[in-house]
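A.B. asks: Have a look at this prediction, sequence included:
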Amino acid sequence: MSVVQDVPAPGGSRGFRMRIGTLSARHRSWTIIIGMAIVAAVLPTLALVPPFSSFQNQASWIDGFTNAGVFVLLALGLNLVVGVAGLLDLGYAAFFAIGAYAYAYAASPFGNEILGIDVAALLGDAKGLIFWPMLIIGALVAATFGILLGAPTLRLRGDYLAIVTLGFGEIVPIVFLNADDLTNGTNGIGGVFRPYLPGVGSFTAIDPWPYYLTMIGLITIVMIFCYRLAESRIGRAWEAIREDELAAAANGINTVTTKLLAFALGASTAGIAGVFNAAKLTVVSPDQFGFVVSFTVLAMVVLGGMGNFWGVAVGAFVIYTINNVVLKTLNQFFDTLGIPILEDIDFIGLQFLLYGIALVGMMLLRPEGLFPNSRRKRELHAEVTQPGEDEMTLPEVTEEGGR
Amino acid sequence: MTAPAAAADAPPSRSLSGDSARALTQLGIVAAALIVAFLVLGPEQFINALTLGAIYALVAIGYTMVYGIIELINFAHGDVFMVGTFVSLSFLTSLGFSGAVRDPALLVVLLVAVFIFTSVVMGLVGVLIERSAYRPLRNAPRLAPLITAIGVSFILQNIVQIFYGPFQTNAPQIFPTDAFFEVGNVKIPILSFFIIAVAVGLMLGLQLFIGRTRMGRAMRSTALDRDAAALMGVNINRTIAITFFIGSALAGAAGVVYGLQYGVTRFDLGFQAGLKAFTAAVLGGIGNTVGAALGGFIIGFIEVAAVAFGYGRWGPAVVFGVLVIVLVFRPAGLLGQQVGERA
């Protein structure tokens, strides 16, 4: 919604903007499709324009955007769990890992041997076709694990759930690391098939466009799902649980199944991202799924503005780009500018330090995130609204009730 | 979610006999578990487990105190512990010590100095972190300080990496590691006794501080209800700052102990250790300092047992597996009170 409003309207008249606003509210899915199409077109164009073109060439930018897209997917999924349903999940990377390994088993010689199938012999050159059904199967597998973890632990509240998910996030890579016979240990599973699309052929490492467009499509679909869910009966139930679980239960919401559903859906999104990532990197290994990934995705959700899907997507994109493009290319950037002191600093060595400082700084400046969900914004700025206008504006409720 | 202060320092209630009976049962369970662990692991591994457990316990207390008072998972705490190992090794090497000190008088002076120096420095670092990264966000959404905590963790790791590099650094083991008590044919290092004694002494001191002093009472009341405590005249900011000081000072002491025991440290030590210490705090019932100490020892035993039976690589997985199982059956941790939900 917000993106369409932010597009500078010709003439900029207020009536026109309002009409766009109502239209986009009524046709949510089309708004998302159009918005994503605009984004998909604008990003590659931006990459050609200075100052962006001075960092790296367009193909590298597009490749980077695709990788950022993986994190946008992850952030959208985690937003369902943390932002909408209010369940703090610190081990989200585990589901990402499960999705990736699921694809690796279905689409690599090593994995096929273990499963006792032979996709390459079955499909020949088009063996990458398996990527498309695996998107759904990977999501289902991840969701299954989400339910397995969630069923016993979702009774726990708030931070206890956080620590259990954190533990799960640690256990999964350890299992993939240590179960050598099944997972090839540290080296991981290599030779994962790249996707194949009739008419396009097999995707390649040289041409980033097919991956980029696939990613745009995936994000669009996931975002439509997220919006539709969040505005449905289930979405309202999630918000009710987030705000006050007791009251939600008293109003007839089955809190356990509702929370379990949020957990499973969030996990399945991570599964999709995992399948895509495995197909893009063509190798999966345990070190890709450490706590840093879980944490980075959480930071994206919080910084983007919990509960707001567009905000979270933008937050994911911004953090990923800062961390993986801007900080990595700061060296050559300052070298070309020739500023005396900055020229001599090794920014790559300081990458995580700068990342940490950036996170602390951004949080201190905007604790509610860059694009806060409208209701949350009201809660945080409770003093300025009239008392009685909204129940949520009582001062006691400002520090995130319902845990 | 009212985080209960330590069950042990709750005021004596009328049902004293019931309480003491429960305490006796708990003591009995702990004693039985210790005997079983001793029989299964054998004396040497048993002492190893106690030493490791003492370190986890010291770190876990910092987590649990901070969580008890402001309900924040202080992810930077493990890194405070890690910085503590580096502060203590820098202190010792800058004085020119690199190996065992054989002169008892000098050793005592040196140990006292390094403990005080490291604890005070880390306590101040803790207060600085609270002041700059957590206090401004005290009324922000609960996840905001969590993110800054992890940001601070990254910052600490990288500062250490800039000064000491990404590789292992040797910590001077000034306490002779080749001094043993010999009981029959079993050799038990004196260092282990020293470490366990230091840890237990610090924990008892902390219990006395929390239970008996004015500041301790202020901390307990702030943990129970911050607003009400403020209305009663408790200086909330100062209380929280002192909580951070004590927690971080204990982590600093744990850092000294770690250096003495293992002789090496690295910039990324804090993450795994912090995770396990936090697990210990949750296992014992978060907000409860006695529980945190208990949890620390339990985790020490689990890890050492995993190594002793040849499953060292699976150690962390076993630790978290036990955590999940305990939480499923006792959602508030081993010693945590089952608190009614806040409406």
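C.D. replies: Right, received. Where do you want to start?

A.B. asks: switch to C-alpha atoms for all contacts and neighbour counts from now on
C.D. replies: Noted.

A.B. asks: Doesn't A:V49 belong to a strand?
C.D. replies: No. Judged by DSSP: H, G, I helix; E, B strand; the rest coil, A:V49 forms no part of a strand; its state is coil.

A.B. asks: Which residues are in contact with B:I196?
C.D. replies: If you count contacts by C-alpha atoms under 8 Å, 6 or more residues apart in numbering or on different chains, B:I196 has them with B:50-51, B:54.

A.B. asks: any low-confidence regions in the chain?
C.D. replies: Picking chain A for this. Applying pLDDT under 70 to the predicted model, the residue ranges of chain A that meet it are A:1-13, A:55, A:157-158, A:328, A:330-349, A:373-403.

A.B. asks: Actually, chain B is the one I wanted.
C.D. replies: With pLDDT under 70 as the threshold, chain B has low-confidence stretches at B:1-19, B:337-343.

A.B. asks: Closest approach to chain A from it, which residue is it?
C.D. replies: B:G151 (4.1 Å; C-alpha to the nearest C-alpha).

A.B. asks: pretty sure B:F181 belongs to a strand, no?
C.D. replies: Yes. B:F181 sits within a strand when classified using three-state DSSP.

A.B. asks: Tally up the residues packed near the residue lying closest to it once chain neighbours are set aside, please.
C.D. replies: Closest residue in space to B:F181, ignoring its immediate chain neighbours: B:I188 at 5.1 Å, by C-alpha to C-alpha, 6 or more residues apart in numbering or on different chains. Other residues within reach of B:I188, judged by other C-alpha atoms under 10 Å in any protein chain shown, total 19.

A.B. asks: quick one: contacts for B:I188?
C.D. replies: When the contact criterion is C-alpha under 8 Å, 6+ apart, the partners of B:I188 are B:44, B:47, B:180-182.

A.B. asks: Kindly report the same for B:A241.
C.D. replies: Contact analysis of B:A241 by C-alpha under 8 Å, 6+ apart lists B:127, B:130-131.

A.B. asks: how about a cut-off of 10 Å?
C.D. replies: By C-alpha atoms under 10 Å, 6 or more residues apart in numbering or on different chains, B:A241 lies in contact with B:66, B:123-124, B:126-131, B:135, B:247.

A.B. asks: Using neighbour counts, trim these to the buried set.
C.D. replies: Neighbour counting over those (16 or more other C-alpha atoms under 10 Å in any protein chain shown) leaves B:66, B:123-124, B:126-127, B:129-131, B:135, B:247 as the buried ones.

A.B. asks: Which residue is the nearest non-sequential neighbour of B:G295?
C.D. replies: For B:G295, ignoring the flanking residues on the chain, the nearest one in space by C-alpha to C-alpha, 6+ apart is B:A280 at 4.2 Å.

A.B. asks: Kindly report the residues of the stretch 101-250 of chain B close to chain A.
C.D. replies: Taking C-alpha under 10 Å from any C-alpha of the partner chain as the criterion, the neighbours of chain A within the stretch 101-250 of chain B are B:132-159, B:161-162.

A.B. asks: In helices only, show me these.
C.D. replies: The helices, defined by DSSP state H, take in B:143-159, B:161-162 from those.

A.B. asks: Which among the residues you listed count as buried?
C.D. replies: In these, burial by neighbour count holds for B:143-159, B:161, counting by 16+ other C-alpha under 10 Å.

A.B. asks: B:L52 is in contact with B:F193, isn't it?
C.D. replies: No. The pair B:L52 and B:F193 fails to qualify as a contact (C-alpha atoms under 10 Å) at a distance of 11.9 Å.

A.B. asks: For those two, indicate the residue with more neighbours.
C.D. replies: Applying other C-alpha under 10 Å to B:L52 and B:F193 shows that B:L52 carries more neighbours, namely 24 against 16.

A.B. asks: Flag every buried residue along the helix or strand encompassing that one.
C.D. replies: Applying DSSP states H and E as the criterion places B:L52 in helix B:43-70. Residues of helix B:43-70 classed as buried by neighbour count (16+ other C-alpha under 10 Å): B:45-70.

A.B. asks: end-to-end on stretch B:305-318?
C.D. replies: According to C-alpha to C-alpha, to the nearest Å, stretch B:305-318 extends 10 Å from its N-terminal end residue to its C-terminal end residue.

A.B. asks: buried ones in it?
C.D. replies: Of the residues in stretch B:305-318, those scored as buried under the neighbour-count criterion (16+ other C-alpha under 10 Å) are B:305-306, B:314-318.

A.B. asks: Please list the members of those residues that lie in helices.
C.D. replies: The subset of those located in helices under the criterion DSSP H comprises B:305-306, B:315-318.

A.B. asks: how about the residues of the stretch 201-350 of chain A near chain B?
C.D. replies: Within the stretch 201-350 of chain A, the residues that sit near chain B (C-alpha under 10 Å from any C-alpha) are A:244-247, A:291-292, A:295-296, A:298-300, A:302-303, A:306, A:349-350.

A.B. asks: Work out the gap between the longest helix seen in chain A and the centre of the chain.
C.D. replies: Taking DSSP H as the assignment, the helix of chain A that covers the most residues is helix A:255-281. Using C-alpha atoms, centre = their mean, to the nearest Å, we find the averaged C-alpha position of helix A:255-281 to lie 10 Å away from the chain's own average C-alpha position.

A.B. asks: Who are the packing partners of it?
C.D. replies: Taking 3 or more C-alpha pairs under 10 Å, 6 or more residues apart in numbering or on different chains; DSSP states H and E as the contact definition, the neighbouring helices and strands of helix A:255-281 are helix A:58-78, helix A:93-106, helix A:131-153, helix A:209-230, helix A:233-243, helix A:245-250.

A.B. asks: rerun that using 6 Å as the cut-off
C.D. replies: Helices and strands touching helix A:255-281, as assessed by 3 or more C-alpha pairs under 6 Å, 6 or more residues apart in numbering or on different chains; DSSP states H and E, comprise helix A:58-78, helix A:93-106, helix A:131-153.

A.B. asks: which residue does chain A bring closest to chain B?
C.D. replies: Nearest to chain B in chain A, going by C-alpha to the nearest C-alpha, is A:G356, at a distance of 4.1 Å.

A.B. asks: Does that residue belong to a helix, a strand or coil?
C.D. replies: Classification of A:G356 into helix, strand or coil gives helix, according to three-state DSSP.

A.B. asks: quick one: which two of the residues of the stretch 201-350 of chain A next to chain B are the most distant?
C.D. replies: Checked with C-alpha to C-alpha, these reach their widest spread between A:A247 and A:G349, with 49.9 Å between them.

A.B. asks: end-to-end on stretch A:51-61?
C.D. replies: OK, stretch A:51-61 end separation, C-alpha to C-alpha: 13 Å.

A.B. asks: Distance from the chain centre to that stretch, please.
C.D. replies: That offset, for stretch A:51-61, works out to 23 Å (C-alpha atoms, centre = their mean).

A.B. asks: Quick one: residues in contact with that stretch.
C.D. replies: A:A47 (C-alpha atoms under 6 Å, 6 or more residues apart in numbering or on different chains).

A.B. asks: buried residues in it?
C.D. replies: Along stretch A:51-61, these residues count as buried under the neighbour rule (16+ other C-alpha under 10 Å): A:55, A:58-61.

A.B. asks: quick one on the thing from earlier: which one of the buried residues of stretch B:305-318 is nearest to A:Y103?
C.D. replies: Nearest to A:Y103, judged by C-alpha to C-alpha, of the buried residues of stretch B:305-318 is B:A317 at 23.9 Å.

A.B. asks: ok, so what distance separates the closest one from B:I195?
C.D. replies: Computed with C-alpha to C-alpha, the distance linking B:A317 and B:I195 is 27 Å.

A.B. asks: Can you say which of the helices and strands packed on helix A:255-281 is packed in most?
C.D. replies: Using mean count of other C-alpha atoms under 10 Å in any protein chain shown, the stretch among the helices and strands packed on helix A:255-281 with the largest mean neighbour count is helix A:93-106, at a mean of 29.

A.B. asks: Going along the chain, name the helices of the stretch 151-300 of chain B.
C.D. replies: B:190-212, B:214-224, B:226-231, B:236-262, B:269-284, B:289-308 (DSSP state H, counting those that start in this stretch).
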